[in-house]
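Colleague: After the sequence you'll find the predicted model.
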Amino acid sequence: MKVSYYPGCSLHGTAKEYDQSVKAMSRALGIELKEVEDWSCCGATSAHSTNFKLSVALPARNLMIAEKCEAKEVMVPCAACFNRFKMAQHHLEHDQSLKKEVEGIVGQQYTGGVKVKNPIDILVSDVGLDALAKKVTKKLSGLKPVSYYGCLLVRPPEVCQFENYENPYMLDDILKVLGADVKPWSYKTDCCGGSLTISRTDIVGKLVDKLMTMAREAGANCVVTACPVCMTNLDARASENLRLPVFYFTELVALALGLQGTPTWFKLHNVDPVPLVSSLGLV
Amino acid sequence: MTGKKILVKSYGCLPLTEDDRTVNGVNMKTFLEEVNEKINGVAIQRCYHCRKCTAGCPLAFAMEYNPNKVVKMIQMGKRSEVLGSSTIWLCASCETCITRCPNEVDIARMMDVLREMAIAAGGGAKEKNVLSFHQAFLASIKSRGRINEPLMMVDYKLKSGDLFSDMGMGISMFMKGKLSLSSPKTRDIDTIRKIFAKTKNP
């Protein structure tokens, strides 16, 4: 299965371990990734917060390049990029005059011929949980994660089209297949504060502490995410006494599939997950 | 009404047309009409103030005026109070409000519109560092096509004057090899600059 790949800026920087684990997972599951040629930033929160047209034009350029590729799906692992891509498609499909204007701005045609997907969705709907289960070589016994989806994968629902946006379970299902004892909780889609992490660290600290408190109350020994912004906030902004190891879900898929690379990725975390995984005999 | 360009779709009252907002050649557009026009969707008069947006807002605790209050203030024409408030900069765009609004009032989009209006009004942002962050972020895209996190952070620190926070974390990320000053750029930077030039707000 051939899929275009849009890493986005974070995956080449602070979310390096997400990039590498997505690639390792894809290789193991027969997904051939081809990076979108000469991609550029999606504009993220800063573009849509200050300039609407810019916020559509920046992702549109990448969509237009992806449309020319053989693959008809583009995998966007970063939840922020995923959201901006879906949002741009939504506006381009619903507003013909805006579409024309954006085509003029970027200097290319938009056909809408490529489907934007996050890796959770690809794993569940394209690969399938049964196929994933067959590849598991090491059950993640003893790992008690809560799955944290955050905002940008699921909202707004008519744009993101994520299943059960108030209580999503796709990630929970994946983790169960890997053998983890997934804990139910009510904070799956509560905001971590996003990009305020730099400008209002105090507020993000409060939001993250609440999430960590609730994760602990649910009986979790780690948190699993699919968003580089959530990862940075959960991993680096929680108070010392509330911290829990945080994983990208792709790192855990790789761990359960016995793939190379996990020790290198775990070293990049702020909260060291090695004591937990080694105490459970998983590394 | 027929044949006139409808400016604002509204429910329970007649739609607003071009004629309605000009009296003797003077533009009488209210703050509410301006916001609605820029949202270009459901008019915010549709809000019946159930406050579901505010109940679910994760940032409401830190805001000067909660989201519902902002809707009310726009209806009351409190332009300078709204555009000068911290609220519009503290909204994290988590989209919980629009997801739960029973009247489909797009408050997240409304916050984007208000931020754009505040910048256009030239009064700056009450939360200066939030705007400085956005400016540093966009400047990084404009110069390289992609964000280089350490370079962008240096620019943000110079813009905000907040020089020393997160130094420890930055150094630790450098040591781990997470951050690099020489990340790849977008080759077709001309197109990126054109996008910035052509979308520039007047």
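Modeller: Received it, and whenever you're ready, just let me know what you need.
Colleague: separation between the spatially closest residue to A:Val283 that is not a sequence neighbour and chain B?
Modeller: Closest residue to A:Val283 apart from its sequence neighbours, by CB to CB, 6 or more residues apart in numbering or on different chains: A:Val277 at 4.9 Å. Any C-beta I mention is one placed from the backbone N, CA and C, and that applies to glycine too. To chain B, A:Val277 is 18 Å away according to CB to the nearest CB, to the nearest Å.
Colleague: Likewise for A:Tyr248?
Modeller: 14 Å.
Colleague: Pick out the residue nearest the middle of chain B.
Modeller: The residue lying closest to the centre of chain B (CA atoms, centre = their mean) is B:Asp112, at 2.5 Å.
Colleague: got the contact list for the residue nearest to A:Val283?
Modeller: Shown in contact with A:Val277 (CB atoms under 8 Å, 6 or more residues apart in numbering or on different chains): A:143, A:255, A:266, A:283.
Colleague: Contacts only, for the second one.
Modeller: Right, the one you point to is A:Leu255. A:138, A:140, A:178, A:262, A:277, A:282-283.
Colleague: Check which helix or strand it maps to.
Modeller: helix A:249-256 (DSSP states H and E).
Colleague: Just the residues contacting the following helix or strand past that helix, thanks.
Modeller: The helix or strand immediately downstream of helix A:249-256 is helix A:262-266, counting by DSSP H and E. Helix A:262-266 has contacts (CB under 8 Å, 6+ apart) with A:16-17, A:20-21, A:248, A:251, A:254-255, A:272-274, A:277, A:283.
Colleague: which bits of the stretch 51-200 of chain A sit near chain B?
Modeller: A:51-54, A:57-58, A:61, A:104-107, A:151, A:155-157, A:165-166, A:189-191, A:193-196, A:198-200 (CB under 8 Å from any CB of the partner chain).
Colleague: Emit the ChimeraX select command for whichever of those residues are buried.
Modeller: In ChimeraX, this line selects whichever of those come out buried by 16 or more other CB atoms under 10 Å in any protein chain shown:
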select /A:51,52,53,54,57,58,61,105,106,151,155,156,165,189,190,191,193,194,195,196,198,199,200
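Colleague: Which ones among the residues of the stretch 51-200 of chain A next to chain B lie within helices?
Modeller: Taking DSSP state H as the definition of helices, these contribute A:52-54, A:57-58, A:61, A:104-106, A:157, A:196, A:198-199.
Colleague: For stretch A:67-80, the averaged confidence score.
Modeller: Computed over stretch A:67-80, the mean pLDDT rounds to 96.
Colleague: and it, how far apart are its ends?
Modeller: 20 Å (CA to CA, to the nearest Å).
Colleague: helices or strands next to whichever strand or helix holds A:Val102 in the packing?
Modeller: If you go by DSSP H and E, A:Val102 is part of helix A:96-106. Where contact means 3 or more CB pairs under 8 Å, 6 or more residues apart in numbering or on different chains; DSSP states H and E, helix A:96-106 is packed against helix A:52-67, helix A:79-94, helix B:189-199.
Colleague: Where does the prediction get shaky in the stretch 1-150 of chain A?
Modeller: Nowhere does the stretch 1-150 of chain A drop to pLDDT under 70.
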